[in-house]
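S.K.: What follows is a predicted protein model with its sequence.
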Amino acid sequence: MKKILILTGSYFPKPTANGICIHEIAKGLIDKGYQVHVISYQKNSDAKFELFQGIHSHKVKRNLLLRMRNYGEYHGASFSGRTVAKLALFFTRLKKILYLPIYPITAPLHVYKYYLEAKALCKKYDFDIVLSVYNPLVAILAGYKVKKELDDDIKFGLYFLDSLTNTRKKHFFSDEWYDTRAWRLEKKIFDKCDFILNLKCHERHYSQKKYDEFARKMAIVDIPLIKEVITNRAKLNDHGIKPIIKNTWVYAGALNQSMRNPDFLCNIFSKSNFKHENELHFYSRGDCENIIHNYAEQVSNNKIIRHGYVERDEVLDALLKADVLISIGNSSSEQVPSKIFEYISTGKRIIHFYKNERDSCITYLERYRNSLLINENEGLEFNRIKIQNFINTSLETITFSEIAKLYMENTPSYTIELLDNVISN
């Protein structure tokens with residue numbers, strides 16, 4: 001039996017998008033006979049260790065700054081939440097200055113705690129593979145330290161669900177300065193690792209000449225969240241068309257005022273007229289909760305309801321009960337929001353809002369006939385009419401068999417097979 005240790009950030013019971021992806025991969029590896037262990041952040045009442053769906057889940061306490069940031073994200077509509085978020089932002093920027101000589105590393109003590117946990121588990125379970133998942137940076141740095149110490153005794157892989165170098169640049173640093181520092185760290189880790197899994201949306205970036213020396217280590221994968229379980233739970237009538245009484249819109253995921261802002265969505269929703277009653281539900285976290293709260297107070301003809309950050313099962317239930325799924329593209333990044341594939345898996349209507357002409361979701365949604373792409377640069381009135389026509393038209397839910405054929409590379413089994421082959425070779 002092969003044994004694998006996966007290092008990541010937020011995992012179940014309240015995972016981020018990366019944690020959800022890792023869970024799908026972990027379950028698939030168990031089906032292939034692996035013993036799977038995951039190290040992740042310990043939140044509030046999380047147990048230090050639990051066996052979760054066959055996965056050995058180990059937790060490491062978050063540092064104070066992470067706890068402050070999470071509190072601010074999850075309570076963004078309250079005064080206390082906004083205050084803590086501002087304090088967390090201040091201390092985050094202060095840490096960047098204090099740790100300038102080793103930037104982009106800003107939490108060396110947290111890295112050391114992760115490393116100690118990983119090292120202890122390696123000694124106890126004698127793992128064959130350590131797989132570090134980015135983001136967070138702490139996961140790949142801890143994995144790198146373990147590899148340096150154990151060297152040939154263990155295979156070390158990197159799974160980039162985000163990119164360290166192909167990303168939105170950080171506050172008050174020049175692009176050139178950040179790129180130089182990030183590339184220096186990335187190169188050091190790439191030199192030591194045995195294999196690298198990069199996302200398809202970053203393929204062009206990692207095709208640059210400076211990455212040629214690592215090409216033999218690299219493989220391209222996509223986000224592994226096209227899965228039938230969501231479609232199986234959906235309640236449709238015999239013809240796949242749900243009689244319209246009230247349209248429930250759902251947005252699920254993180255929001256950010258500079259990267260993924262819901263203001264245009266809320267504004268256009270509040271000013272639209274539909275044949276039937278419409279409700280817009282937000283299951284979200286980030287620094288936009290106050291924006292949602294303010295619109296919810298103002299809107300009269302259509303309802304906007306803020307749920308905040310909730311358990312994974314509640315999000316899935318919301319997707320299944322929804323009539324319209326809402327996506328907001330990243331304003332300045334090639335990163336694909338992973339939730340778009342969970343949306344696609346349902347076969348339901350999707351409305352995607354974007355500003356960036358190179359938005360990475362467009363190429364996927366153009367293949368999906370139940371989608372509507374809203375370019376915010378085309379203005380409120382033009383897009384309002386497009387949305388009203390889309391909502392007022394009956395559409396048949398797409399079957400999962402059709403979806404799986406269209407998005408084969410986004411099924412968990414595709415990435416699991418590739419990862420298993422990479423590990424075996």
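M.R.: Alright, I've got the coordinates.
S.K.: which parts of the helix or strand containing Ile385 are buried?
M.R.: Using DSSP states H and E, Ile385 maps to helix 380-391. Neighbour-count burial for helix 380-391 flags Asn383, Arg384, Lys386, Ile387, Phe390, Ile391 (criterion: 16 or more other Cβ atoms under 10 Å). From N, CA and C alone the C-beta is placed, and that goes for glycine too.
S.K.: By mean pLDDT, point me to the weakest helix or strand of the protein.
M.R.: In the chain, no helix or strand scores lower on mean pLDDT, DSSP states H and E than helix 228-233, which sits at a mean of 49.
S.K.: re earlier: can you list the buried residues in the helix or strand just after the helix holding Ile385?
M.R.: Toward the C-terminus, helix 380-391 is succeeded by helix 400-406 as the next helix or strand (DSSP H and E). The neighbour-count check on helix 400-406 (16+ other Cβ under 10 Å) flags Phe400, Ile403, Ala404, Leu406 as buried.
S.K.: Same check on stretch 363-383?
M.R.: Here stretch 363-383 shows Tyr364, Leu365, Tyr368, Asn370, Ser371, Leu372, Leu373, Ile374, Asn375, Glu376, Asn383 as buried, counting by 16+ other Cβ under 10 Å.
S.K.: Out of the residues you listed, which sit inside strands?
M.R.: Ser371, Leu372, Leu373, Ile374, Asn375 (DSSP state E).
S.K.: circling back: return the closest of the buried residues of stretch 363-383 with respect to Phe353.
M.R.: Ile374 (4.8 Å; Cβ to Cβ).
S.K.: In this structure that closest one contacts Ile351, no?
M.R.: Yes: using Cβ atoms under 8 Å, Ile374 is in contact with Ile351, at 6.2 Å.
S.K.: Domains in the protein, by residue range?
M.R.: Following the assignment in automatic domain parsing, the chain carries domains at 3-63+107-224+411-424, 228-406.
S.K.: Mean confidence (pLDDT) on the first one, please.
M.R.: Here domain 3-63+107-224+411-424 scores 94 as its mean pLDDT.
S.K.: In the protein, which helix is the longest?
M.R.: Ranked by number of residues, the top helix in the chain under DSSP state H is helix 79-98.
S.K.: contacts for it?
M.R.: With Cβ atoms under 8 Å, 6 or more residues apart in numbering as the test, helix 79-98 has contacts from 65, 68-69, 71-76, 103, 106-107, 170-173, 287, 289-290.
S.K.: So how do I select the buried members of those in ChimeraX?
M.R.: Command for ChimeraX that selects the buried part of the contacts of helix 79-98, burial taken from 16+ other Cβ under 10 Å:
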select :65,68,69,71,72,73,74,75,76,103,106,107,170,173,287,289,290
